[in-house]
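Asks: got a structure for you, letters missing:
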């Protein structure tokens, strides 16, 4: 067996996260910037989840999935950013071996769950546009719950494998991780043994968990476009295309940088570049999701006005539109 003996699992008891800068002035500026980004992401996603829970007219499969996506984004960004904020103002930038293991596992689990969940949301749009009259029959609450639970189970299972393979490597020094959190490729580059085999295994997991969902999303939208092109009116086509624009935007922002980070060998590892790219699928995606999904969504805006007591009659918004035209 290629795995090192358990007693030689690691000679490192903690890691040092180098972050973005060692200059105190720059760190204070970065703290303010990332704190505002983090606060905006949490408040934005929290607001969407709260509105969906409070307004019974948003208790449909599409908004159920959007609520879960918001909760995933809140958890996702909270896994890394709070610790990064502490390190920006603290003299100590250390994280224990166990803490690094846990952060890597939870971050990976939430990220992989989101990868799969984008497929579920694409399937929701596919049913809504291609089979609008059977939407609630096909996507019943039992199926919606199973799809959500299955996405989480797959994400946590494959993240456990990825984390186990990385943390079982021997780490005998140095222990300085050139990143702002314990990301797999960054930590693995410190291992004092040949990681070629584990890279291949990790790449296989990444291909399965990134390429397969992306292929399914593309396949769903090919069928969606075919259905949209059958619509005779230009206004109807534009309305149908706008239904999917939000989802495609978020998917692109998430998959492009994640694919670059995880589907390439360690030989092309670039610490400074990777830190910047990881911000897109970690921080900015969580920040932009509420913006993309709510600014052009009349149901979400109507629910907000209703909760704030600024509008009357907005409770009728949800069911007066076709199920295939929920996002405008």
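Replies: On my side now, so go ahead. For clarity, every value in this text was computed on a predicted model and none was experimentally measured.
Asks: which stretches of the stretch 101-250 of the chain form strands?
Replies: 176-177 (DSSP state E, counting those that start in this stretch).
Asks: where in it is pLDDT low?
Replies: The stretch 101-250 of the chain contains residues with pLDDT under 70 at 240, 243.
Asks: for the residue lying closest to residue 201 once chain neighbours are set aside, grab the count of nearby residues.
Replies: Once flanking residues are discounted, residue 201 sits nearest to residue 165: 6.0 Å by Cβ to Cβ, 6 or more residues apart in numbering. (Each C-beta comes from the backbone N, C-alpha and C, glycine too.) Close neighbours of residue 165, defined as other Cβ atoms under 10 Å, add up to 19.
Asks: same check on residue 216?
Replies: Residue 216: 17 surrounding residues under other Cβ under 10 Å.
Asks: could you find the closest non-adjacent residue to it?
Replies: residue 119 (4.8 Å).
Asks: give the contact list for that neighbour.
Replies: By Cβ atoms under 8 Å, 6 or more residues apart in numbering, the residues touching residue 119 are 213, 216, 217, 220.
Asks: now those in TSV, with distance to residue 60?
Replies: Formatted as TSV, the contacts of residue 119 follow (distance: Cβ to Cβ, whole Å):
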residue	distance to residue 60
213	23
216	22
217	21
220	19
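Asks: list just the nearest of these to residue 276.
Replies: For the contacts of residue 119, the minimum distance to residue 276 (Cβ to Cβ) is 24.3 Å, reached by residue 213.
Asks: just give me the neighbour total for that closest one.
Replies: 23.
Asks: now do residue 224
Replies: Other residues close to residue 224 by other Cβ under 10 Å number 22.
Asks: ditto for residue 181
Replies: So residue 181, with other Cβ under 10 Å, has 23 neighbours.
Asks: next: the one 5 residues further on.
Replies: Using other Cβ under 10 Å, residue 186 has 25 other residues around it.
Asks: wait, what's in contact with the residue lying closest to it once chain neighbours are set aside?
Replies: The spatial neighbour of residue 186 that comes closest, neighbours along the chain excluded (Cβ to Cβ, 6+ apart), is residue 179 at 4.1 Å. Contacts for residue 179 (Cβ under 8 Å, 6+ apart) come out as 17, 18, 19, 186, 271, 274, 275, 278.
Asks: can you tell me how far residue 179 is from residue 281?
Replies: Distance of residue 179 to residue 281, computed by Cβ to Cβ, to the nearest Å: 14 Å.
Asks: correct me if wrong: residue 172 contacts residue 193.
Replies: No. With contact defined as Cβ atoms under 8 Å, residue 172 does not reach residue 193; the gap is 9.0 Å.
Asks: now restrict the contacts of residue 179 to buried residues only.
Replies: 17, 18, 19, 186, 274, 275, 278 (16 or more other Cβ atoms under 10 Å).
Asks: would you map the helices across the stretch 201-328 of the chain?
Replies: 212-229, 234-262, 271-279, 285-294, 298-308 (DSSP state H, counting those that start in this stretch).
Asks: and the fourth one, what does it pack against?
Replies: Using 3 or more Cβ pairs under 8 Å, 6 or more residues apart in numbering; DSSP states H and E as the contact criterion, the elements in contact with helix 285-294 are helix 24-54, helix 61-78, helix 234-262, helix 298-308.
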